[in-house]
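Enquirer: pasting the structure only:
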Ligand SMILES: NC(=O)N[C@@H](CC(=O)O)C(=O)O
Ligand SMILES: [Zn+2]
Ligand SMILES: [Zn+2]
């Protein structure tokens, strides 16, 4: 196949940041994607509906002329989040989901939830009104090995929560293990998982072999090869419970390339090229559309986009920039470590 036309994709997990970084990165998403679920882990985080409304306006203001893009807003769950505010945010159409960051699990998560009990009133309300909870599914217990944190989260936090509140819709964000894939597949309902571009491409060797490579470091950290293969199988399967959430997470290079580098990989620039490559390699190009354009919206109760994009296989490798320049500083672009041939040639 040399060319494929699919419904315009959506990114169901995206970090756009704020200010100069927002201005520097937004076009890399809005040029190709119609909608994205916007993560609320700003400093300070997007906690109330009023915060989300103001942030949404800043995003729309930063959009380049001619780009049509809809930010789908989320609230950052805290132990003090008001159930009424969350409900108002949903009924006014502003809020698509609420995000759970276990305190200390990832970038800007120190204000997250320490004691799940304290979040129960909000979670019960969300179950009642049908508002999905997106989770960064890792425990933060220091004794638990970082490579086991997703599996332990499923067992000790997620499964008990789902048994207690079976009506709550939960998105397991950026699934990185076969444990996560199996858990989602075994669920009777109300559970789905987003998968990132990079976790379909790298395993943990990318971070550690031949020297420390900070631009492959993200959370949850990439795991062993068998886990990457399980994620690939889930993504290409067409199973509606798996969909794209890039987790594209820009940090300026000085904050990645230092003694204690930030977690996050910036994939917005070449995500569709990478994904077409992966799906072609798996002989599953005809299921790319389900993964990037159909399954995610269906899970969130949205209509799929009406307009289309076309990807075409170029004879020569496409040269993507190694980094983009933003007003906040340079941001390194994800390098899949193989040549990319698929190019988005027509955006709408
Ligand atoms: N994925 C990451 O490694 N980083 C994200 C946070 C997150 O999604 O966990 C970020 O905000 O930088
Ligand atoms: Zn996360
Ligand atoms: Zn993220």
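Expert: Yep, that arrived. Keep in mind that this is a model prediction, so the values were computed, not measured. Residues are numbered from 1 along each chain as shown. Ligands and ions are numbered 1, 2, ... in the order given.
Enquirer: for ligand 1, what are the nearby residues on the stretch 101-250 of the chain?
Expert: Counting by CB under 6 Å from any ligand atom, the residues of the stretch 101-250 of the chain close to ligand 1 are 106, 107, 136, 218, 219, 247, 249. From N, CA and C alone the C-beta is placed, and that goes for glycine too.
Enquirer: just the closest of those residues to residue 275, please.
Expert: Ranked by distance to residue 275 (CB to CB), these are led by residue 247 at 13.4 Å.
Enquirer: dump the residue contacts of the closest one.
Expert: Remark: with contacts taken as CB atoms under 8 Å, 6 or more residues apart in numbering, residue 247 is in contact with 13, 14, 15, 173, 174, 194, 196, 198, 218, 264, 265, 267.
Enquirer: check the gap between it and residue 220 for me.
Expert: Applying CB to CB, to the nearest Å, the value for residue 247 to residue 220 is 10 Å.
Enquirer: between these two, what contacts are shared?
Expert: By CB under 8 Å, 6+ apart, the residues touching both residue 247 and residue 220 are residue 174.
Enquirer: adjacent strands (with direction) for the helix or strand of the chain with the lowest mean pLDDT?
Expert: Lowest on mean pLDDT, DSSP states H and E among the helices and strands of the chain sits strand 342-346, with a mean of 93. Sheet pairing of strand 342-346 (DSSP bridges) gives strand 308-313 (antiparallel).
Enquirer: residues contacting the partner strand, please?
Expert: 1-9, 32, 272-273, 276, 280, 341-348.
Enquirer: tell me the gap between stretch 54-63 and the middle of its chain.
Expert: Offset of stretch 54-63 from its chain centre (CA atoms, centre = their mean, to the nearest Å): 19 Å.
Enquirer: may I see the buried residues of it?
Expert: Within stretch 54-63, the residues scored as buried using 16 or more other CB atoms under 10 Å are 55, 56, 59, 62, 63.
Enquirer: want to try TSV for these, with secondary structure, distance to residue 22 and pLDDT as columns?
Expert: Formatted as TSV, those follow (DSSP: H, G, I helix; E, B strand; the rest coil; distance: CB to CB, whole Å; pLDDT from 0 to 100):
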residue	secondary structure	distance to residue 22	pLDDT
55	helix	9	99
56	helix	12	98
59	helix	7	98
62	helix	5	98
63	coil	10	98
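Enquirer: tell me who's in contact with the residue lying closest to residue 1 once chain neighbours are set aside.
Expert: Using CB to CB, 6 or more residues apart in numbering and skipping residues adjacent in sequence, the residue nearest residue 1 is residue 285, 5.6 Å away. Residue 285 makes contact with 1, 4, 276, 279, according to CB under 8 Å, 6+ apart.
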